[in-house]
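Novice: need a 3D model of the sequence below.
(2 chains)
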Amino acid sequence: MQTQPASFDELYAAHFGDLTVQLYAYFGDRQEAQDVVQEAFCRALARWRTVARYDDPVAWVRRVAWNLALSKWRRARTALAFLRKQHGADIHLDGPGPERVALVAALATLPAQYRRAVVLRYLADLTVAQIAEREGVPEGTVKSWLHRARTALAAQLNSDDADGGAR
Amino acid sequence: MTDNLGKLFADLRTEELQKVLPPGADDVRRTVRRRQGVAASAGAVVAVTVIAGAIAVSGGSGGSAPAATPSPSRSEFAPPQPGPEQASRMVLAGKALGDPEKLPYVMATADVVTAGYENAAIDLPADDYRLFVYCVGPGTADVVLKAGDFGDNKVAAGRVTCGEPPVPAQFRFTQTVDGGMRLFLSGDKEAAGQAAFSFKFVRAAEFKESPSGASTANANTAAQLLTDAGIGGVNKVTTESNKTLDEPRPAGNYLASFGCAGPGTVSFVIRSAKTLRDGTVGTDGQTETSVSHKCTAAGKITKNVPMALPAGSAFTITAEANTAARNKAGWAYAFRPA
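Specialist: Residues are numbered from 1 along each chain as shown, chains lettered A, B, ... in the order given. The predicted structure follows:
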């Protein structure tokens, strides 16, 4: 719990980047990720008096960003680009090394729930319990998603990294 | 977390963080200001301006709105750029919101109609509200208001017909808890990209509806019936709201007459209430008579009901109009010494 509420600017500065990376790993598109996170911060500012009183305002912003990512709001904008990436064609990433390109491409082949779980686990550092609460499913389901995701990613990345524990 | 996969994600985070270029908190503020448009508090003097904003998403269902394309450096679709005609309609839509001095609104904004518009920058305290949506130009637009930041909790839905001057679509709703709301507006083929809209949220408690022409005319009819019955000193009253009127009189015996004209039912209650030390009349008192009139176009009256008024008291007459009668029927009354 925070002892002193962060200002909106502090919250934005501290978390815009991390949230964007998480959404980027989910979308495979940096600009789309940035748009969704920016929109989530817009909605936070619109009701900042309420959000600022929450114990963890960034959790609210993260939830909004992810919900936007799954909503019509984004689908209306990115359906074509997303489909293209789902089919693994024409992935153009500016900059990341080949391993990161491969990771993002491999993530794009996962079912959406697995992809969300693995991104929240590895990039948002949420616990299994937190992911389960967010997704509204039992913890066992999240563990199963993560296991299957790791297996699929390992296969995609030709890795022996197919199993491992979850907190 | 397995080491190799964990390292890959850690590297991805490190690399990507260097590439993220946040548009900035000021950009967020500009966006929210545009979406929230005009926010007025009771009693504040606020110039009504027309502000384009919110999210305009190409609906893909035949709308003729300009295609919305993401700007590389902005967090939202660029709203349609209004041409001179649309800009003129936006001004009219903004003016239709009215004077916030006379009717304060919690939030109001205006924009060009698109095939799909969403405004999520609505934050309302728990209260009863009325939503007014105006549309200037051709076509129609569907309006949906949802409670919460996500989900499908519809609290109001309907259609606004565009026109000049605009006739507002009105919606009543209750915000049960403080929080966000989302307003969706979808213009049809004629309206999208051509018409302009505005909307405002008004607290129900602050809303004072103007009497309609029909209610005024029916109040005249009711008054005329009483006059024709030989009753003088008639008062005419409209039914845009339920009203209680005070009639301070000296102690004595009186004859009360009242009547209504128009559709629906009007219920009358006459009480004798004590006059307070400051000269006003108490809100409660002994009921002298209670009558419901099913009003007619020709009018219906009850006349010369005898009642006594004690010293230090005043009559109060309350009339409640049902939905059918609300702001359509009119009524009249008179008290005269017996």
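
Novice: what's the per-residue pLDDT of the closest residue to chain A within the stretch 151-300 of chain B here?
Specialist: Using Cβ to the nearest Cβ, B:Gly180 is the residue of the stretch 151-300 of chain B that sits closest to chain A, at 5.3 Å. No exception for glycine: its C-beta is placed from N, CA and C like everyone else's. Note on B:Gly180: pLDDT of 82.

Novice: cool, and B:Asn242?
Specialist: Per-residue pLDDT puts B:Asn242 at 82.

Novice: my guess is it meets B:Thr318, correct?
Specialist: Yes. Contact status for B:Asn242 versus B:Thr318: in contact at 7.1 Å, counting by Cβ atoms under 8 Å.

Novice: okay, those two: which has more neighbours?
Specialist: The neighbour count for B:Asn242 versus B:Thr318, taken as other Cβ atoms under 10 Å in any protein chain shown, is higher for B:Thr318 (15 against 12).

Novice: who does the helix or strand hosting the more buried one touch, helix- and strand-wise?
Specialist: Taking DSSP states H and E as the definition, B:Thr318 sits inside strand B:313-321. Other helices and strands packing on strand B:313-321, by 3 or more Cβ pairs under 8 Å, 6 or more residues apart in numbering or on different chains; DSSP states H and E, are strand B:243-248, strand B:252-261, strand B:265-274, strand B:330-337.

Novice: pull out the buried positions in it.
Specialist: For strand B:313-321, burial by neighbour count (16 or more other Cβ atoms under 10 Å in any protein chain shown) applies to B:Ser313, B:Ala314, B:Phe315, B:Thr316, B:Ile317, B:Ala319, B:Glu320, B:Ala321.

Novice: three-state assignment of the residue minimising distance to the centre of chain B?
Specialist: For chain B, the residue nearest the mean C-alpha position is B:Arg130 (3.4 Å; Cα atoms, centre = their mean). Here B:Arg130 is strand, with the state taken from DSSP: H, G, I helix; E, B strand; the rest coil.

Novice: secondary structure element holding the residue nearest to it when sequence neighbours are not counted?
Specialist: Nearest residue to B:Arg130 in three dimensions, chain neighbours excluded: B:Val202, at 4.9 Å (Cβ to Cβ, 6 or more residues apart in numbering or on different chains). Taking DSSP H and E as the definition, B:Val202 sits inside strand B:196-203.

Novice: and that strand, what does it pack onto?
Specialist: Using 3+ Cβ pairs under 8 Å, 6+ apart: strand B:196-203 touches helix B:84-96, strand B:107-112, strand B:127-136, strand B:179-187.

Novice: that strand - which strands sit beside it in the sheet, and in what orientation?
Specialist: According to DSSP bridges, strand B:196-203 forms sheet pairs with strand B:107-112 (antiparallel), strand B:127-136 (antiparallel).

Novice: need those strands in JSON lines with mean pLDDT and distance to B:Ser267, can you?
Specialist: As requested, those are exported to JSON lines (pLDDT from 0 to 100; distance: least, Cβ to Cβ, whole Å):
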{"stretch": "strand B:107-112", "mean pLDDT": "82", "distance to B:Ser267": "36"}
{"stretch": "strand B:127-136", "mean pLDDT": "93", "distance to B:Ser267": "23"}
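
Novice: wait, which of those strands is closest to B:Glu247?
Specialist: Of all the strands paired with strand B:196-203, strand B:127-136 sits nearest to B:Glu247, with 30.8 Å by Cβ to Cβ.

Novice: now the angle from that closest one to helix B:84-96?
Specialist: Counting by axes from the mean of the first three to the mean of the last three Cα atoms, to 10 degrees, strand B:127-136 lies at 150 degrees to helix B:84-96.

Novice: buried stuff in strand B:127-136?
Specialist: B:Asp127, B:Tyr129, B:Arg130, B:Leu131, B:Phe132, B:Val133, B:Tyr134, B:Cys135, B:Val136.

Novice: hang on, the earlier thing: the residue of the stretch 151-300 of chain B closest to chain A against B:Pro125, yeah?
Specialist: No. Look at B:Gly180 against B:Pro125 with Cβ under 8 Å: they stay out of range, at 11.5 Å.

Novice: please say which of the two ends up with more neighbours.
Specialist: Counted by other Cβ under 10 Å, B:Gly180 and B:Pro125 do not tie: B:Gly180 has more neighbours, with 22 against 13.

Novice: which residues touch that one?
Specialist: With contact set as Cβ atoms under 8 Å, 6 or more residues apart in numbering or on different chains, B:Gly180 has these partners: A:Arg43, A:Ala46, A:Arg47, B:Ala120, B:Ile122, B:Asp123, B:Gly148, B:Asp149.

Novice: hang on, the first one in a strand?
Specialist: Read it as A:Arg43. No. Counting by three-state DSSP, A:Arg43 is located in no strand; its state is helix.

Novice: mind checking which of the contacts of B:Gly180 land in helices?
Specialist: Among the contacts of B:Gly180, the members found in helices (DSSP state H) are A:Arg43, A:Ala46.
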